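Peer 1: Sharing a sequence plus its predicted fold:
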Amino acid sequence: MKFSLNKLDNGGYSKVEHYNTENVEKLATNYHDILGLLGEDPSREGLEKTPIRVAKAMQFLTQGYNMNPEEILSSAKFKEDYRQMVIVKDIELYSLCEHHMLPFFGKAHVAYIPNGYITGLSKIARVVEAFSRRLQVQERLTLQIKECIQNTLNPLGVAVVIEATHMCMVMRGIEKQNSVTTTSDFTGAFEKVATREEFIRLISSDLS
Ligand SMILES: Nc1nc2c(ncn2[C@@H]2O[C@H](COP(=O)(O)OP(=O)(O)OP(=O)(O)O)[C@@H](O)[C@H]2O)c(=O)[nH]1
Ligand SMILES: [Zn+2]
C-alpha cells in the first residue's frame with residue numbers, strides 16, 4: 001500500500017510544509033499494516049485515511065526532535081540587571097512515554113535567577129515544548145529543561161517542577177486513574193532550602 005501525503009491532505013488547513021513528507025508516507029504504510037495486525041480492516045471507509053492521519057499526528061507529537069532548545073533561548077537573551085526569581089508556572093505539557101509511547105501530560109513550573117541576562121518568557125515555555133515533544137521519561141524531561149536553561153543563560157540558579165499523569169498507568173498496566181507523578185530538579189541558588197521553599201510557595205500560590 002502506497003500513501004501520498006499531498007493526495008490525501010485535502011483538508012486545506014494542514015500545514016504540509018511542517019511534515020517530512022517522505023517519512024509520513026513510510027509511517028502511513030506501517031500504520032496500515034498495524035491496523036491489520038490489530039484485527040481491523042484497513043480498507044474500510046472509516047479507516048481509509050487513518051494511516052496518514054496517525055502518521056501526521058505522530059510527527060506532530062515528536063516534532064521536538066526538530067527543535068533546538070538552546071537556540072530558542074539564545075534567540076531572546078537580553079542583558080538585564082534584574083537578579084530576583086523569575087517564575088513561569090503552569091506551563092502545559094504533552095509528551096509520550098518512551099516505554100509505551102502513550103501520552104503523559106501535566107504542567108511544568110520553571111524558575112531561574114538571572115545573572116546578567118534574562119530571556120523572553122515565551123522561550124521558557126518553548127524549551128518545555130521542545131523537550132516534551134519527544135519520547136521521554138519525566139525525570140529526563142525535568143533534567144533537560146533545567147540543564148538547557150543553566151547552560152544557555154548561566155543564571156544563579158534554575159528550578160524545574162513537573163506534575164504529570166501517565167496514561168500508561170491510567171489506561172493500562174496498574175490502571176490508577178488518579179496518580180500524579182511529581183519530579184523536580186534544581187541548580188545553584190535553589191539548592192539552598194530557603195530559596196527552594198520560596199519557589200515552592202510561589203508556585204503553590206494563586207498570587208504569584
Ligand atoms: N521512571 C519513569 N517510569 C516511567 C515513566 N513513564 C512510564 N514509566 C514506567 O516504565 C515502566 C516500564 O516497566 P516494564 O515492567 O518494563 O513495563 P510494563 O510491563 O509495561 O510495566 P507496567 O506498566 O507495570 O505494566 C513502568 O513501571 C512505567 O510505569 C517515566 O516518565 N518515568
Ligand atoms: Zn509508559
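Peer 2: Received, thanks. Everything numeric here is computed off the predicted structure, so don't read it as measured data. Ligands and ions are numbered 1, 2, ... in the order given.
Peer 1: Show me the protein divided up by domain.
Peer 2: 5-61, 70-204 (automatic domain parsing).
Peer 1: Okay, buried residues for stretch 46-62 please.
Peer 2: With burial defined by 16 or more other Cβ atoms under 10 Å, the residues of stretch 46-62 counted as buried are 47, 50-56, 58-59, 61-62. (C-beta placed from N, C-alpha, C; glycine too.)
Peer 1: separation between the closest residue to ligand 1 within the chain and Ser179?
Peer 2: In the chain, the residue that lies nearest ligand 1 is Gly173 (3.1 Å; Cβ to the nearest ligand atom). Gly173 sits at a distance of 11 Å from Ser179 (criterion: Cβ to Cβ, to the nearest Å).
Peer 1: Check Glu98 too.
Peer 2: Computed with Cβ to Cβ, the distance linking Glu98 and Ser179 is 18 Å.
Peer 1: do the same with Glu40
Peer 2: For Glu40, the distance to Ser179 - Cβ to Cβ - is 31 Å.
Peer 1: One more: Thr119?
Peer 2: From Thr119 across to Ser179, the span is 33 Å (Cβ to Cβ).
Peer 1: Which residue of these two possesses the greater neighbour count?
Peer 2: Thr119 (24 against 12; other Cβ atoms under 10 Å).
Peer 1: Now the more buried one, what are its backbone angles?
Peer 2: phi -130, psi 160 (degrees, to the nearest 10).
Peer 1: Just the pLDDT for it.
Peer 2: Thr119 carries a pLDDT score of 97 in this model.
Peer 1: residues touching the most centrally placed residue in the chain, list them.
Peer 2: The centroid of the chain falls nearest to Ser132 when counting by Cα atoms, centre = their mean (1.7 Å). Ser132 makes contact with 64, 93-95, 141, according to Cβ atoms under 8 Å, 6 or more residues apart in numbering.
Peer 1: Closest one to Gly157 out of those, please.
Peer 2: The closest of the contacts of Ser132 to Gly157 turns out to be Leu141 (Cβ to Cβ; 19.1 Å).
Peer 1: From what I see, the closest one and Ser95 are in contact.
Peer 2: Yes. At 6.4 Å, Leu141 counts as touching Ser95 under the criterion of Cβ atoms under 8 Å.
Peer 1: Provide the strand pairings for the host helix or strand of Lys107, with the direction of each partner.
Peer 2: Using DSSP states H and E, Lys107 falls within strand 103-113. Strand 103-113 has the following sheet partners, assigned by DSSP bridges: strand 86-97 (antiparallel), strand 157-166 (antiparallel).
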